[in-house]
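Peer 1: next input, structure requested:
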Amino acid sequence: MLRRRLLGRTGLEVTTLGYGAMDLSGEHDEGSRPFSGRQAEQILNAVLDAGINLLDTANDYGASEELIGRFAGHRRQDFYLATKCGCPVACDGQDAPPGHVWTRENLLRNIETSLRRMKTDHVDVWQLHNPSVEQATAGDLVRAMEEVRAAGKARWIGVSSTLPHITEFITWGAFDTFQLPYSGLERAHEDVITAAACAGGGTIIRGGVARGAPNFRRRLRVRLGLHRTDPWAIWAKAGLDEFRAPRESRTAFLLRFTLSHSGVHTTIVGTTNPEHLWENVRAVETGPLPADVYAEVKRRLELAGQGPARGRPHASR
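Peer 2: Numbers count the residues shown, from 1 in each chain. Just a heads-up that it's a prediction; the model follows:
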């Protein structure tokens, strides 16, 4: 059975392995074909049948929300639903504007669109989709989110963010959850995770298996400005293959490393391949790394130049 941890002060008991539904957009690789309904139905039911109880998506992940509503809506009682807002929305027959739109009006459009697509009357976690501190402040976004929460359309509110902004967001005391990137090959947010958990926030980790296949990583570098260098070069430099169990993949080992962090509550991993899903499930069922292995792997990574960010960065100007 999949282990569960409390998602901070939300009290939600989430499986330590969640499902990242960005892959359902069919846009995870250049030249990829549209993701079929049959494939979406297969993977979503496999996810829920495996006991995973957290689905994470976003208003602008292509058809992801619609596919969740269509193929998992009838099983809504089986999972917690997290989505994101600030995403552009097409209005009055016009194309959606580029980039995100950080206004109260757009957030209200986002929640209504998300609820309609996913065939539900509420989401469990509603997250800002990577704004800067300045954008969140100027748009008075927390107040808009609290309005939606008071209306019962979102149970808890959070923010998907990165350094330097996330350190400021934690101090606000307004957000119930924090979603941020982290793995053994991307340790910049390691101390931030601890800070978020100590502040009572739920921590949702993305990228816990180093963002998967190389083509997917290249697309994310363009889209999100992450991984400007190949993270797997760090793996080789640190000599981590010697720590893997027989037949254990590198991504399975990294998933176990991620869940060895005491401040991590859940990590969302996306896949459209049922075999990869079951590999992730088996890794999580195996459990975190032994304490001595975890300590030595971190030491090796430090020597290879991959460690947590030091100091407390200020929000960008």
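Peer 1: for the spatially closest residue to Arg149 that is not a sequence neighbour, list the residues it contacts.
Peer 2: Spatial nearest neighbour of Arg149, excluding adjacent residues (C-beta to C-beta, 6 or more residues apart in numbering): Ile157 at 5.7 Å. Heads up, the C-betas are built off the backbone N, CA and C, glycines and all. By C-beta atoms under 8 Å, 6 or more residues apart in numbering, the contact set of Ile157 is Val125, Trp126, Gln127, Val142, Met145, Glu146, Val148, Arg149, Ala174, Phe175, Asp176, Thr177.
Peer 1: give me phi/psi at the last one?
Peer 2: Translated: Thr177. Main-chain dihedrals, Thr177, degrees, to the nearest 10: phi -140, psi 160.
Peer 1: model confidence score at the closest residue to it other than its chain neighbours, please.
Peer 2: Once flanking residues are discounted, Thr177 sits nearest to Gly158: 3.2 Å by C-beta to C-beta, 6+ apart. At Gly158, the model reports a pLDDT of 98.
Peer 1: how close does Gly158 get to Trp126?
Peer 2: Separation of Gly158 from Trp126 (C-beta to C-beta, to the nearest Å) stands at 7 Å.
Peer 1: list residues touching both of these two?
Peer 2: Here Gly158 and Trp126 have Ala82 as joint contacts, going by C-beta under 8 Å, 6+ apart.
Peer 1: centroid-nearest residue for the protein?
Peer 2: Residue closest to the mean C-alpha point of the chain, counted by C-alpha atoms, centre = their mean, is Arg206 at 3.6 Å.
Peer 1: from what I can see it touches Thr266, true?
Peer 2: No. Arg206 lies out of contact with Thr266 (C-beta atoms under 8 Å); the separation is 10.3 Å.
Peer 1: can you list the low-confidence ranges for the stretch 1-150 of the chain?
Peer 2: Within the stretch 1-150 of the chain, the stretches with pLDDT under 70 are 26-35, 89-98.
Peer 1: just the helices from it, written as ranges.
Peer 2: 37-49, 64-72, 104-118, 133-138, 141-150 (DSSP state H, counting those that start in this stretch).
Peer 1: which intervals of the stretch 151-300 of the chain have sub-threshold pLDDT?
Peer 2: Scanning the stretch 151-300 of the chain with the threshold set as pLDDT under 70 gives 211-229.
Peer 1: most tightly packed of the helices of the stretch 1-150 of the chain?
Peer 2: Ranked by mean neighbour count, the helices of the stretch 1-150 of the chain are led by helix 64-72 with a mean of 23 (mean count of other C-beta atoms under 10 Å).
Peer 1: and that one, what does it pack against?
Peer 2: If contacts are counted by 3 or more C-beta pairs under 8 Å, 6 or more residues apart in numbering; DSSP states H and E, helix 64-72 sits against helix 37-49, helix 104-118.
Peer 1: what's in contact with that helix?
Peer 2: Residues contacting helix 64-72 (C-beta under 8 Å, 6+ apart): 21-22, 24-25, 35, 37, 40-41, 44-45, 48, 55, 57-59, 79, 81, 83, 113-114, 117-120.
Peer 1: how about the CA coordinates for it, as CSV?
Peer 2: C-alpha atoms of helix 64-72 as CSV (Å, rounded to 0.1, in the frame of the first residue of the first chain):
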residue,chain,number,x,y,z
SER,A,64,-5.8,17.8,-19.0
GLU,A,65,-8.6,19.2,-16.9
GLU,A,66,-11.2,18.1,-19.4
LEU,A,67,-9.8,14.6,-19.6
ILE,A,68,-9.8,14.3,-15.8
GLY,A,69,-13.4,15.4,-15.7
ARG,A,70,-14.4,13.0,-18.5
PHE,A,71,-12.5,9.9,-17.3
ALA,A,72,-12.1,10.3,-13.5
